[in-house]
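J.: Got a predicted structure plus its sequence, pasted below:
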Amino acid sequence: MGFFSFLNRKNESNRNMMTALPVIEPQTSSLEEFEVKPTPTADETSQKSRSLTVSYATGWPIDIIYGYLHKNYEDKGFDDAMLKNDLAFRDMNMNILRNKILMVFREINLNYDVMQHKVETQMATCRAAGLLTTVSDIEKTLTIINTHKEELRQLENDFRNNENEASIPLQTYECGFLRGVATIAKTVAEHPMNAGQMPSFSTMDTVMKSA
């Protein structure tokens with residue numbers, strides 16, 4: 001019952017979660033700070049040992065995907081370009097980033113599916129026992145879960161189609177990579193002795209056309 005006690009806490013933040021979904025600032029956390037784990041129990045919360053690591057507000061799994069989608073990867077793109085400034089390297093890294101975020105979507109959706117199943121089972125038990133007040137509270141939790149699942153569906157669709165704010169991770173990475181290539185070209189132009197390190201004209205032309 002600890003799981004449901006946590007979900008049914010009667011505080012304003014959980015009650016307003018359907019209309020106040022979290023928005024993560026671009027540079028508040030790194031990828032490594034986020035991981036999908038079981039929803040915390042009441043005891044874990046009281047001990048300030050929450051197993052779901054989030055940066056903002058709600059404490060629901062959807063916070064994690066907002067952390068990924070609103071993170072700025074421009075610095076990483078720039079650093080990668082300084083390391084190796086060809087398109088194959090850029091595309092490989094962007095593909096890795098894309099697949100990692102899609103995997104997080106999958107994990108979070110599974111997390112919500114498990115939560116939904118447990119809530120529906122508990123609601124059926126309470127209804128059979130005639131605990132109408134408890135059923136009403138659980139229904140509100142179920143509504144929140146369904147709202148988050150729909151939001152996740154839309155976010156994943158936007159990310160796959162490179163639309164809206166869901167495209168921030170890949171766009172910022174590419175922007176940083178192009179900035180790195182431009183920086184190298186400028187440096188070599190100003191210091192001809194380093195001409196051997198300058199990207200080929202064909203690579204530079206392709207990069208600029210893809211910007």
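T.: Right, received. Where do you want to start?
J.: Phi and psi next, for residue 72.
T.: phi -90, psi 120 (degrees, to the nearest 10).
J.: Tell me if I'm right that residue 164 and residue 156 touch.
T.: No - with contact defined as CB atoms under 8 Å, residue 164 does not reach residue 156; the gap is 11.8 Å. C-beta: built from backbone N, CA, C; applies to glycine.
J.: Now do the contacts for residue 170.
T.: Going by CB atoms under 8 Å, 6 or more residues apart in numbering, residue 170 touches 73, 94, 97-98, 162.
J.: From these, which land in strands?
T.: Judged by DSSP state E, these include no members of strands.
J.: now those residues as a markdown table including neighbour count and pLDDT?
T.: As requested, the contacts of residue 170 are exported to a markdown table (neighbours: other CB atoms under 10 Å; pLDDT from 0 to 100):
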| residue | neighbour count | pLDDT |
| --- | --- | --- |
| 73 | 24 | 95 |
| 94 | 19 | 95 |
| 97 | 18 | 95 |
| 98 | 16 | 95 |
| 162 | 11 | 87 |
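J.: which one of those is nearest residue 172?
T.: Proximity of those to residue 172 (CB to CB) peaks at residue 73, which lies at 4.7 Å.
J.: Which parts of the protein are strands?
T.: Under DSSP E, the chain gives no strands.
J.: For the residue nearest to residue 158 when sequence neighbours are not counted, list the residues it contacts.
T.: In space, residue 158 comes closest to residue 166 once its chain neighbours are excluded; the distance is 3.7 Å by CB to CB, 6 or more residues apart in numbering. By CB under 8 Å, 6+ apart, the contact set of residue 166 is 69, 155-156, 158-159.
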